[in-house]
Each structure stands twice: as structure tokens, then as C-alpha cells.
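Novice: what shape does this take:
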Amino acid sequence: MELEIYETSAAGSKLGQKEAGGEAEPDKRLTLRPEERFQTITGIGGSFTEASAYLLNKLGPENRQKVLEAYFGPSG
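Specialist: Okay, the predicted model is just below:
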């Protein structure tokens with residue numbers, strides 16, 4: 001079985017492909033059951049609460065723009 005690992009991290013990796021390291025232990029298995037569903041996910045992402053909006057407004061214009069671009073811009 002072939003395994004591909006992708007990571008998104010706070011360090012800046014955006015769906016970067018990672019190398020699978022180490023040897024698989026023979027008694028460890030990953031079983032995927034796509035037909036088994038538990039809930040519907042309508043979206044994943046950040047939200048702006050009153051507290052985060054307050055802190056965003058404390059940033060300088062340049063840093064505020066960087067945050068808004070990271071959340072809502074085409075490259076974010």
C-alpha cells in the first residue's frame with residue numbers, strides 16, 4: 001500500500017508533501033472506511049470573534065493586511 005502524507009503548519013507549510021519515515025510496525029494498521037459517515041463538515045477555517053477583531057485592529061496597517069490576506073486572500 002502506498003501512503004502519501006501532506007501537512008499544513010503554523011511554520012508556513014501549506015499542504016506540503018512529507019516523506020513517510022521509519023518502518024511500519026506489522027501490528028499497526030490504518031483502515032479507511034469511506035462508506036462510514038459520522039457528520040457533515042460544512043467548512044473548516046478561522047473565524048473572527050469580537051476579541052480577535054479587537055486584536056486585529058491593534059495591529060499596524062501592514063500587519064493587519066497580512067492577516068486578512070492569510071485568512072481571506074487568494075494566496076491564503
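
Novice: distance-wise, check Ile5 relative to Glu35.
Specialist: 23 Å (CB to CB, to the nearest Å). Every C-beta, even on glycine, is put in place using the N, C-alpha and C of the backbone.

Novice: contacting residues around stretch 41-58?
Specialist: Arg64, Val67, Leu68, Tyr71 (CB atoms under 8 Å, 6 or more residues apart in numbering).

Novice: start and end of that stretch, how far apart?
Specialist: Separation of the first and last residues of stretch 41-58 by CA to CA, to the nearest Å is 32 Å.

Novice: likewise stretch 39-52?
Specialist: Stretch 39-52: ends 28 Å apart by CA to CA.

Novice: more neighbours, Ile5 and Glu35?
Specialist: Using other CB atoms under 10 Å, the more surrounded residue of Ile5 and Glu35 is Ile5, with 10 against 5.

Novice: am I right that Leu55 is in a strand?
Specialist: No. Assessed with DSSP: H, G, I helix; E, B strand; the rest coil, Leu55 is helix; it does not lie in a strand.

Novice: find the nearest non-adjacent residue to Gln17, please.
Specialist: Spatial nearest neighbour of Gln17, excluding adjacent residues (CB to CB, 6 or more residues apart in numbering): Tyr6 at 5.6 Å.

Novice: who does the helix or strand where that neighbour lies pair with, and is each partner parallel or antiparallel?
Specialist: Using DSSP states H and E, Tyr6 falls within strand 5-7. Counting by DSSP bridges, the strands paired with strand 5-7 are strand 16-18 (antiparallel).

Novice: quick one: mean pLDDT over the strand it pairs with.
Specialist: For strand 16-18, mean pLDDT is 82.

Novice: stretch 41-55 now?
Specialist: 76.

Novice: now the end-to-end length of that stretch.
Specialist: Stretch 41-55: ends 28 Å apart by CA to CA.

Novice: got it, and stretch 7-16?
Specialist: 5 Å.

Novice: who touches it?
Specialist: Contacts of stretch 7-16 (CB under 8 Å, 6+ apart): Tyr6, Lys18.

Novice: Ile5 and Gln17 touch, don't they?
Specialist: Yes. Counting by CB atoms under 8 Å, Gln17 is a contact partner of Ile5 at 7.0 Å.
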